[in-house]
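A.B. asks: below is the sequence, then the predicted model.
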Amino acid sequence: MSTFLDGIRFSVLDRSRTRQGEDAPQALRDTVRLAREAEALGYHRFWVSEHHSVPGVAGSAPTVLAAAVAASTSTVRVGTGGVMLPNHQPLVVAEQFGVLESLFPGRIDMGVGRSVGFTDGIRRALGRDKDDAERFGEQLTELLGWFTGAQTAHPQVHARPAEGLRVPPFVLATGEGAGIAAAAGLPLVIGDLRGRDRVLAAVDAYRSAFRPSPWAEEPYVVMAGTVVVAASEEEARRLLMPEAWSLAYSRTRGEFPPLASPERIEGLTPTMTEKQRGFYEAGLRGHVHGTEEQVADALERAVKETGAQEVLVTTSTYDRAALSDSYRGLARAVGLTPPPVAATPAGARPGQTGSSS
């Protein structure tokens with residue numbers, strides 16, 4: 001619909017959300033299925049995330065899940081949004097992505113973030129603490145050095161098969177991480193499609209401070225956020241309800257639950273505490289949602305404000321059919337073009353290349 005968006009890439013981030021009454025394996029299988037759908041619709045990338053000990057999220061091992069996604073597709077780029085680097089040794093992360101790139105050359109992205117485990121218990125189980133997030137810049141430098149052979153912390157060690165491979169790195173960031181991405185000369189992934197001032201300021205600072213690197217000659221901004229497309233604005237808002245309630249529940253009960261149906265949430269509304277209702281209403285705001293035309297207009301405004309080259313879309317709702325319909329509607333709204341070759345079914349020979357980063 002929007003000619004302004006013709007040159008903008010659109011990609012998908014899926015968190016393998018679980019649903020009430022279903023198990024985690026089903027959520028992981030659905031992620032792989034959704035990746036095939038996204039590929040057939042013409043989305044540029046399909047990324048998976050990292051969460052630990054979260055009842056509502058099955059995606060705990062993103063590089064393992066990325067391998068399953070890559071093996072079941074043939075053209076879409078596959079990556080992580082992201083591997084939380086403070087939770088891991090950079091050498092191990094480099095080795096994992098080296099294996100992925102070796103099996104699926106030219107299709108793997110390495111998105112990394114600086115978050116640590118969600119709770120004290122998770123951090124203890126991972127052998128980490130909150131302060132490890134402060135080492136993100138140092139860890140990132142080491143990680144990139146394992147690919148280039150330039151790391152100096154362990155001169156007698158080589159990351160095989162990563163060394164010498166080119167796996168495009170991305171930094172998932174809030175305002176502080178944007179500076180790290182700029183200093184390292186890496187593409188930036190930053191949230192909020194509604195363009196709040198602090199995000200716009202972070203993007204401007206990133207571009208101003210960007211230093212060209214072997215990984216990227218110019219700044220590259222990926223705006224990430226929730227997008228829901230439906231037949232009406234009211235229906236799209238209804239699809240936001242499951243995630244909004246999970247957020248409200250986690251903020252008041254300390255646990256992020258599986259997605260509940262809108263009907264169940266409506267039944268819970270009268271019993272919500274004032275605090276829960278506040279979080280719930282907040283969770284319904286600040287997202288791009290509506291009809292195809294409304295969403296295309298909102299995304300055009302966001303891209304104009306930020307100058308982003310790419311939009312990374314994440315959508316979570318209870319109804320999987322509605323989720324697929326939303327991604328189809330978005331593909332129509334922004335004019336995505338399906339790849340010329342049909343998606344390869346599960347079990348196809350790995351190693352076929354897709355489009356460039």
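C.D. replies: Cool, the structure landed.

A.B. asks: show the subsequent helix or strand relative to the host helix or strand of residue 246.
C.D. replies: For residue 246, the host element (DSSP states H and E) is helix 233-253. Heading C-terminal from helix 233-253, the first helix or strand you meet, by DSSP H and E, is helix 262-268.

A.B. asks: run through who's touching that following helix.
C.D. replies: Here helix 262-268 makes contact (Cβ atoms under 8 Å, 6 or more residues apart in numbering) with 20, 238-239, 241-242, 245, 260, 318. Where C-beta positions appear, they are placed from N, C-alpha and C, glycine not excepted.

A.B. asks: any buried residues in stretch 50-62, and which?
C.D. replies: Neighbour counts using 16 or more other Cβ atoms under 10 Å place 50-52, 54, 56-60, 62 of stretch 50-62 among the buried residues.

A.B. asks: from these, which two are the most distant?
C.D. replies: 56 and 62 (16.3 Å; Cβ to Cβ).

A.B. asks: look up phi and psi at the residue lying closest to residue 172 once chain neighbours are set aside.
C.D. replies: Leaving out its chain neighbours, the residue that sits closest to residue 172 by Cβ to Cβ, 6 or more residues apart in numbering is residue 113, at 3.8 Å. Backbone torsions for residue 113, taken as degrees, to the nearest 10, come to phi -130, psi 180.

A.B. asks: next: residue 96.
C.D. replies: Note on residue 96: its backbone torsions stand at phi -60, psi -50 [degrees, to the nearest 10].

A.B. asks: give me the neighbour count for it.
C.D. replies: 22 (other Cβ atoms under 10 Å).

A.B. asks: contacts only, for the nearest residue to it once chain neighbours are set aside.
C.D. replies: Once flanking residues are discounted, residue 96 sits nearest to residue 63: 4.3 Å by Cβ to Cβ, 6+ apart. Residues in contact with residue 63 (Cβ under 8 Å, 6+ apart) are 80, 83, 93, 96-97, 100.

A.B. asks: which helix or strand contains residue 63?
C.D. replies: With DSSP H and E as the test, residue 63 turns up in helix 62-71.

A.B. asks: after that helix, next one along is what?
C.D. replies: Using DSSP H and E, the helix or strand that follows helix 62-71 in sequence is strand 77-80.

A.B. asks: contact partners of that next one?
C.D. replies: Strand 77-80 has contacts (Cβ under 8 Å, 6+ apart) with 11, 35, 44-50, 62-63, 66, 69-70, 100, 104, 107-112, 170, 354-355, 357.

A.B. asks: pull out the buried residues from the one helix or strand in the chain whose mean pLDDT sits lowest.
C.D. replies: Lowest on mean pLDDT, DSSP states H and E among the helices and strands of the chain sits helix 120-126, with a mean of 78. Neighbour-count burial for helix 120-126 flags 122-123, 126 (criterion: 16+ other Cβ under 10 Å).

A.B. asks: ok, the residue nearest to residue 8 when sequence neighbours are not counted to residue 334 distance?
C.D. replies: Excluding the flanking residues, the one nearest residue 8 by Cβ to Cβ, 6+ apart is residue 303, at 5.8 Å. According to Cβ to Cβ, to the nearest Å, residue 303 stands 10 Å off from residue 334.

A.B. asks: what touches both of those two?
C.D. replies: 5, 8.

A.B. asks: more neighbours: these two, which one.
C.D. replies: residue 334 (26 against 23).

A.B. asks: mind checking how far the residue nearest to residue 147 when sequence neighbours are not counted is from residue 98?
C.D. replies: Counting by Cβ to Cβ, 6+ apart, the nearest residue to residue 147 once its immediate chain neighbours are dropped is residue 162, at 5.3 Å. Going from residue 162 to residue 98 by Cβ to Cβ gives 3 Å.

A.B. asks: please apply the same query to residue 145.
C.D. replies: Counting by Cβ to Cβ, the separation of residue 145 from residue 98 is 13 Å.

A.B. asks: okay, the two: which has more neighbours?
C.D. replies: Neighbour tally, residue 145 and residue 98, criterion other Cβ under 10 Å: the higher count belongs to residue 98, 22 against 18.
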